[in-house]
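Visitor: Need coordinates for the below:
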Amino acid sequence: PLQNPDGRERYVQWYRRSRGLEPDANPEAFEHAEPWPRGRYNHYLLDMNRDWTWLSQRETQARVATYQQWYPQVVVDFHEMGFRQTYFFPPVAKPINANFLPEAQKWFETFGRANAAVFTQKGWPFFVGEDYDFFYPGYGDAWPSLHGAIGMTYEVAGQVGLAIQRDDNTTMTLGDRVARHYTTAMSTLRTAAANREALLKYSYNANRVHVDSGRNVYLLPPTSPNVPHIADLLRGQGIRVQQLAAPVTLRAMRVESGASESRSFPAGTVIVSTRQPLGALVDTLLERNAEMPKNYLEQQRQRTAADEEDQFYDITAWSIPIAMNAEEYVVPAPFPAQLADYAPPAPAPFRAASYGYVVDALEPHFYELLGRLLKDDVKFSVFDDEIDAGDRKFSRGSIIILKGNNAASLDAVLADEGRTTSTTIVPFESGWTGGMTFGSQKLHFVRQPEIGLFGGPSANASSYGELWHTLDVEAPVPHSNLSVDSIGRIDLNHYRVLIFPNGSYHLAKKDIEKLQVWLRGGGTVVAVGGASEFLRDKDVDISKLKPWEPPKKKDDEKTAPSHDELYNDPRVPGAAFRTQMNDRSYLTFGVPRPPDVIVEGRTVYEPVEHKIDNIVTIAATDPLVSGVAWPESLDRLKGSAYVVSEPYGRGNVITFADEPHYRLFWRSTLPLFMNAVIYSPSFPR
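Guide: Predicted coordinates:
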């Protein structure tokens with residue numbers, strides 16, 4: 001099956017428009033300069049090769065559903081890499097995730113030797129190992145391997161049209177690339193057929209070993225709005241998910257801290273045991289840390305000390321409960337409690353009210369509902385404190401919908417949207433209930449946010465795609481996708497919020513002045529990652545945020561290399577960190593506790609001068625939760641800013657140090673972004 005039809009079609013159509021009568025093999029030719037956003041990405045500009053575990057895209061969901069009808073013993077994910085390279089097939093490089101059976105490596109050797117034999121016969125170059133590791137679980141080789149298959153990636157030199165000249169003066173054609181993939185495909189089929197019985201036994205044993213000896217049972221209390229998302233994500237991959245049929249009190253280890261405690265778990269607590277065929281996948285997705293081989297870590301530390309680039313291929317933290325800001329505990333298997341198969345929590349049936357409605361900000365699909373209400377032009381307000389309604393409390397950021405402010409069709413609209421989003425909408429018959437009045441000064445009427453999302457060659461394609469998919473699919477908030485290149489022709493008065501994804505922006509002076517005037521008038525800019533840089537430029541001076549700088553050295557220390565003299569500043573290879581948050585800001589509505597954040601790269605921001613504007617900061621002590629970060633990175637990150645809100649005239653500049661919805665699975669920081677784009681026009685400076 002073609003995994004990325006949209007990306008392929010985008011590339012093919014561009015290439016056909018770009019080439020002449022004959023292909024030009026010159027690497028500098030226009031037909032080899034593929035434009036933004038390139039064919040690597042699907043329609044929403046997501047990298048499909050990292051989505052297998054997160055199921056964020058329809059293509060991934062369909063592929064995984066088909067896989068579960070089949071459960072093959074051998075899976076090959078065919079790819080292309082840079083044209084200056086040759087051909088790759090396993091064995092793979094280190095590190096290898098400890099949840100894979102060691103026997104898998106013997107099979108990599110078996111298939112690799114068979115492929116090497118046919119390539120040698122044809123005189124074709126190839127390589128094994130080197131860059132391509134087996135650590136991150138979201139690849140098209142790792143994910144099947146966690147289902148008991150022998151999953152492998154084969155990479156051919158390419159990513160170009162019909163022909164290109166290589167550095168050795170040979171010309172690589174499309175036919176050459178097809179021949180190489182065809183050759184390994186046929187070799188793999190022959191090898192699989194010759195070893196059919198052993199492969200069947202391997203797949204059986206790879207799953208049976210966990211049924212017999214799975215060691216862990218994970219517990220997820222229903223205290224986080226994201227617990228249903230976690231359960232659905234696990235079930236979508238074929239994992240059995242259960243729940244407590246009755247409350248139980250026991251001693252369990254809190255996964256995030258590693259500390260054991262005795263606590264009561266209510267009925268409905270999600271239970272996931274590793275004593276099931278996909279026990280290896282359960283551990284991989286729910287454990288706090290993926291075990292990194294000690295010798296590999298030592299090698300990377302030595303490279304860093306020698307001022308060389310590290311070899312981490314992808315992120316080193318992905319624990320789903322950490323990513324989704326959910327409490328998680330673990331106890332040894334077996335689990336002596338009354339269990340039932342998991343059933344998603346059903347919303348209360350809609351009941352029409354005579355006065356108004358409240359929706360709790362901790363509803364699992366709260367922002368999806370908000371997007372639909374904005375689209376339906378339903379008038380509502382947000383409460384900036386906890387609501388005490390007598391018989392129950394509603395969290396900060398809950399919304400209130402008054403019948404008197406809306407059309408007569410409100411009940412029908414709410415009934416439909418509540419059913420569509422599986423959201424409980426609580427009716428109220430009086431404007432004064434418990435300690436709450438529906439005309440309180442703590443209520444803020446929510447204006448239409450009128451959002452513009454900038455894209456184009458200045459923006460990182462994945463960052464733009466993640467934000468686009470968030471606003472278009474997950475929480476369908478009315479918005480317009482805009483081109484940064486056309487900002488000079490855009491009437492900014494049509495927008496109240498402008499979003500700049502991670503990227504490198506260079507605006508003309510007149511466009512900068514235009515943006516400044518709009519901000520002074522009350523607009524909100526939301527900047528992600530590198531987008532903050534142009535806002536801090538001395539000729540722009542919209543943001544006062546400062547990147548981390550090394551302390552100045554004393555005279556007796558100046559003989560050692562300074563920060564500026566390093567070729568490779570230590571980076572964070574995608575690790576998770578604890579935070580502190582301002583729980584009185586509208587930006588933290590719907591966030592039940594300080595979220596753990598993912599940081600990838602080298603950029604660190606210092607907190608701004610006014611404490612209240614530091615919305616989320618990295619914890620000042622013991623910040624690392626999961627993944628790898630060197631001491632130099634930790635020293636910089638401690639107390640650094642992750643989300644900052646700065647005034648600019650009557651406007652607002654909100655900066656995220658990293659992606660707020662990373663790969664569309666890191667949901668702990670998603671409410672911060674949604675609050676920024678939906679509520680900012682309703683909370684003027």
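Visitor: pLDDT weak spots in this protein?
Guide: 553-566 (pLDDT under 70).
Visitor: which residues of the stretch 51-200 of the chain fall in strands?
Guide: 74-82, 87-88, 150-158, 163-165, 171-173 (DSSP state E, counting those that start in this stretch).
Visitor: next one: stretch 323-337 to chain centre, how far?
Guide: Its chain's C-alpha centre and that of stretch 323-337 lie 23 Å apart, by CA atoms, centre = their mean, to the nearest Å.
Visitor: So which bits of it are buried?
Guide: Ala323, Met324, Asn325, Ala326, Glu327, Glu328, Tyr329, Val330, Val331, Ala333, Phe335, Ala337 (16 or more other CB atoms under 10 Å). For the C-beta atoms, the positions are set from N, CA and C on the backbone; glycine is no exception.
Visitor: and Glu287, which of the strands of the stretch 51-200 of the chain is closest to it?
Guide: strand 150-158 (20.0 Å; CB to CB).
Visitor: Pull the residues that contact that closest one.
Guide: 73-90, 104, 107-108, 111, 115, 132, 139-145, 166, 172, 177, 180-181, 184, 188, 199, 202 (CB atoms under 8 Å, 6 or more residues apart in numbering).
Visitor: Can you give the strand pairings for that strand, parallel or anti for each?
Guide: strand 74-82 (parallel), strand 87-88 (antiparallel) (DSSP bridges).
Visitor: what number of residues lie near Ala194?
Guide: 12 (other CB atoms under 10 Å).
Visitor: whoops, I mixed them up, Ile678
Guide: Ile678: 25 surrounding residues under other CB under 10 Å.
Visitor: Ok, Gly404 next?
Guide: Neighbours around Gly404, by other CB under 10 Å: 10.
Visitor: quick one: it is in a strand?
Guide: No. If the criterion is DSSP: H, G, I helix; E, B strand; the rest coil, then Gly404 is helix and not within a strand.
Visitor: circling back to that earlier point, next, format the strands paired with strand 150-158 as CSV and append distance to Asp511 and mean neighbour count.
Guide: Compiled in CSV, the strands paired with strand 150-158 are given as follows (distance: least, CB to CB, whole Å; neighbours: other CB atoms under 10 Å):
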stretch, distance to Asp511, mean neighbour count
strand 74-82, 35, 18
strand 87-88, 44, 23
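Visitor: quick one: which of those is nearest Thr433?
Guide: Using CB to CB, the nearest of these to Thr433 is strand 74-82, at 56.4 Å.
Visitor: residue contacts, the closest residue to Val270 other than its chain neighbours?
Guide: In this structure, Val270 finds its nearest non-sequential neighbour in Leu220, 4.0 Å apart by CB to CB, 6 or more residues apart in numbering. Applying CB under 8 Å, 6+ apart to Leu220 gives the contacts Val227, Ile230, Ala231, Thr269, Val270, Ile271, Val272, Pro321, Ala326, Glu327, Glu328, Tyr329.
Visitor: can you tell me which two in the residues you listed are farthest apart?
Guide: Ala231 and Tyr329 (15.4 Å).
Visitor: Do a quick rundown of the strands in the stretch 301-450 of the chain.
Guide: Going by DSSP E, counting those that start in this stretch, the stretch 301-450 of the chain shows strands at 329-332, 339-341, 356-359, 381-383, 387-388, 393-394, 399-402, 426-428, 432-433, 436-437, 443-445.
Visitor: now for these, which one comes closest to Phe100?
Guide: Closest among those, once you apply CB to CB, is strand 329-332, at 20.4 Å.
Visitor: which residues touch the closest one?
Guide: Residues outside strand 329-332 that contact it (CB under 8 Å, 6+ apart): 215-221, 250-255, 263, 265, 286.
Visitor: Sheet partners, orientation included, of it?
Guide: Paired strands of strand 329-332, defined by DSSP bridges, are strand 216-220 (antiparallel), strand 248-254 (antiparallel).
Visitor: and the next helix or strand after the last one, which strands flank it?
Guide: Translated: strand 248-254. Toward the C-terminus, strand 248-254 is succeeded by strand 260-265 as the next helix or strand (DSSP states H and E). Sheet pairing for strand 260-265, assigned by DSSP bridges, gives strand 248-254 (antiparallel).
Visitor: Buried by neighbour count: which residues of the partner strand qualify?
Guide: Judged by neighbour count (16+ other CB under 10 Å), strand 248-254 contains these buried residues: Val248, Ala252, Met253.
Visitor: Which one of these is nearest to Thr421?
Guide: Val248 (31.1 Å).
Visitor: one step back: could the strands of the stretch 301-450 of the chain go into a markdown table alongside distance to Val156?
Guide: Listed next are these as a markdown table, based on distance: least, CB to CB, whole Å:
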| stretch | distance to Val156 |
| --- | --- |
| strand 329-332 | 42 |
| strand 339-341 | 44 |
| strand 356-359 | 52 |
| strand 381-383 | 53 |
| strand 387-388 | 59 |
| strand 393-394 | 56 |
| strand 399-402 | 52 |
| strand 426-428 | 57 |
| strand 432-433 | 66 |
| strand 436-437 | 64 |
| strand 443-445 | 56 |
